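Peer 1: pasting a predicted model and its sequence here:
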Amino acid sequence: MKNRFPLVSIIIINFNGLNFLKVCFDSLTKIKYPIWEAIVVDNGSNDGSIEFLNGYKNFKSLKVIRNSCNLGFAKPNNQGFQIAKGKYILLLNNDTRVNPDFLDKPVEILNSNKKIGVIQPKIFLMEKPGYLDNTGSFMTKTGFLVHEGYLEKDSKIFDKEKKVFATKGACMLIKREVIEKVGLFDDDFFAYFEESDFCWRVWLSGYEVMFCPQTSIFHKVGATSKNMNQFSINYHSLKNRIASLIKNLKFYNLFLILVPHLIILGAITIYYLLNLKFDKVKMVAAALWWNIIHLSSVLRKRKIVQELRVVGDKEIFRKVGRKINILAMLKHFKKVEKNF
């Protein structure tokens, strides 16, 4: 029984998400998996979330960590992991609704496959039935990711198990041994791209990341981020991606991939200038400047990451890379711009 159903620690980060928590918790009470604990890290909520959590009695095990302010997504997940007891760690957004059997297949796969370190289920849009949030992300040699299934209608092409470069942080099941080996999230990332940076280290260390379509959840995309300043969201996403490229690429690929990445950012900046979007010009400049003034810290982290490496960039790109498609990149850029 213990081998088949090891303890799963479910870590949920909350910031003024009382209404989301109620839906998420209600769905968790219906799951079939028998052995799990819930850990909620609250980022200084003032909407009644703490009172709700203090009075909640429907979970066998619920632990609450209270932060005095909003610490983002990366550091609070690290805090939650510090008190987690599970063999498997599930990172779950508070703005999700899970299906009763959503843990069964992923746990079965992790139990039986030593190479798989991280699994993501199929993630549907909560408010648009039949449409997808994400079915896994893939790296390109521009340094930008391809997010397969993003805002697309579900179809048979998304019904196959596949290796992916990175999962979405809204729902990812991780082996404890993987986190103990490579660490979880970079505290400096605050929010955005932290899961991709983590999954990159997972690949570098010899484990693999997988998309599992046999199980699914629903996600209210952008609900949590609406509590954040949009400038801050895009700023962190940009600065974190640049830092991740510096940390994780082999030295020669810093020139082959990071340089084109910066050139593309320059082109995006010109686009913002021509469209008089000066706040977004400032955002790109701030992301670049952060990496300049924190370069010594990023390079120290790079040294640690490279010491974990047992797999080369070439093999990772072969398994979970995608060819550069300029038209697809432009289409995705427009989607993201519209979404924010």
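Peer 2: Sure, I can see it. Numbering: from 1, shown residues only.
Peer 1: could you list the residues in contact with stretch 179-190?
Peer 2: For stretch 179-190, the surrounding residues in contact (Cβ atoms under 8 Å, 6 or more residues apart in numbering) are 71-75, 77-78, 81, 89, 194-195, 197-198, 201-202, 204-205, 236, 240, 243, 294, 297, 301, 308. Using the backbone N, CA and C atoms, a C-beta is placed for each residue, glycine as well.
Peer 1: in helices, which of the residues you listed appear?
Peer 2: Among the contacts of stretch 179-190, the members falling in helices (DSSP state H) are 74-75, 77-78, 81, 194-195, 197-198, 201-202, 204, 236, 240, 243, 297, 301, 308.
Peer 1: Ile109: what's it in contact with?
Peer 2: Ile109 neighbours (Cβ under 8 Å, 6+ apart): 116, 119, 210, 212.
Peer 1: average pLDDT for the helix or strand hosting it?
Peer 2: Assigned by DSSP states H and E, Ile109 belongs to helix 104-112. Taken as a whole, helix 104-112 has a mean pLDDT of 97.
Peer 1: how far is that helix from where the chain is centred?
Peer 2: Relative to its chain's centre, helix 104-112 lies at 20 Å (Cα atoms, centre = their mean, to the nearest Å).
Peer 1: send me it as CSV with only the CA atoms.
Peer 2: Coordinates of each C-alpha in helix 104-112 appear next as CSV, following Å, rounded to 0.1, in the frame of the first residue of the first chain:
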residue,chain,number,x,y,z
ASP,A,104,-3.4,8.6,-9.9
LYS,A,105,-1.6,8.2,-13.3
PRO,A,106,1.2,10.7,-12.6
VAL,A,107,2.1,8.9,-9.3
GLU,A,108,1.9,5.6,-11.1
ILE,A,109,4.4,6.8,-13.7
LEU,A,110,6.8,8.3,-11.1
ASN,A,111,6.7,5.0,-9.2
SER,A,112,7.6,2.9,-12.2
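Peer 1: so after that helix, what's the next helix or strand?
Peer 2: Next element after helix 104-112 (DSSP H and E): strand 116-125.
Peer 1: can you give me the buried ones in that next one?
Peer 2: Under the neighbour-count criterion of 16 or more other Cβ atoms under 10 Å, strand 116-125 has 116-125 buried.
Peer 1: farthest pair in these?
Peer 2: Distance extremes for the buried residues of strand 116-125: the farthest pair is Gly117 and Leu125 at 26.9 Å, using Cβ to Cβ.
Peer 1: returning to that earlier point: which of the ones in helices among the contacts of stretch 179-190 are buried? Put it as a PyMOL command.
Peer 2: Buried residues among these (16+ other Cβ under 10 Å), as a PyMOL selection:
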select buried, resi 74+75+77+78+81+194+195+197+198+201+202+204+236+240+243+301+308
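Peer 1: quick one on the thing from earlier: and the helix holding Ile109, what's buried?
Peer 2: Residues of helix 104-112 classed as buried: 104-107, 109-111 (neighbour count, 16+ other Cβ under 10 Å).
Peer 1: any idea of the angle that helix forms with strand 116-125?
Peer 2: Counting by axes from the mean of the first three to the mean of the last three Cα atoms, to 10 degrees, helix 104-112 lies at 170 degrees to strand 116-125.
Peer 1: and the helices in the chain?
Peer 2: Going by DSSP H, the chain shows helices at 18-28, 49-55, 74-83, 104-112, 176-182, 194-204, 230-248, 251-253, 259-274, 278-293, 295-308, 313-320, 326-339.
Peer 1: give me the buried positions along the fifth one.
Peer 2: Neighbour-count burial for helix 176-182 flags 176, 178-179, 182 (criterion: 16+ other Cβ under 10 Å).
Peer 1: pick out whichever of these sits closest to Lys163.
Peer 2: Distance to Lys163 across those (Cβ to Cβ) is lowest for Val178, with 15.0 Å.
Peer 1: measure that closest one to Phe5 for me?
Peer 2: Relative to Phe5, Val178 is positioned 19 Å away (Cβ to Cβ, to the nearest Å).
Peer 1: same question, Phe102
Peer 2: Phe102 is 14 Å from Phe5, by Cβ to Cβ.
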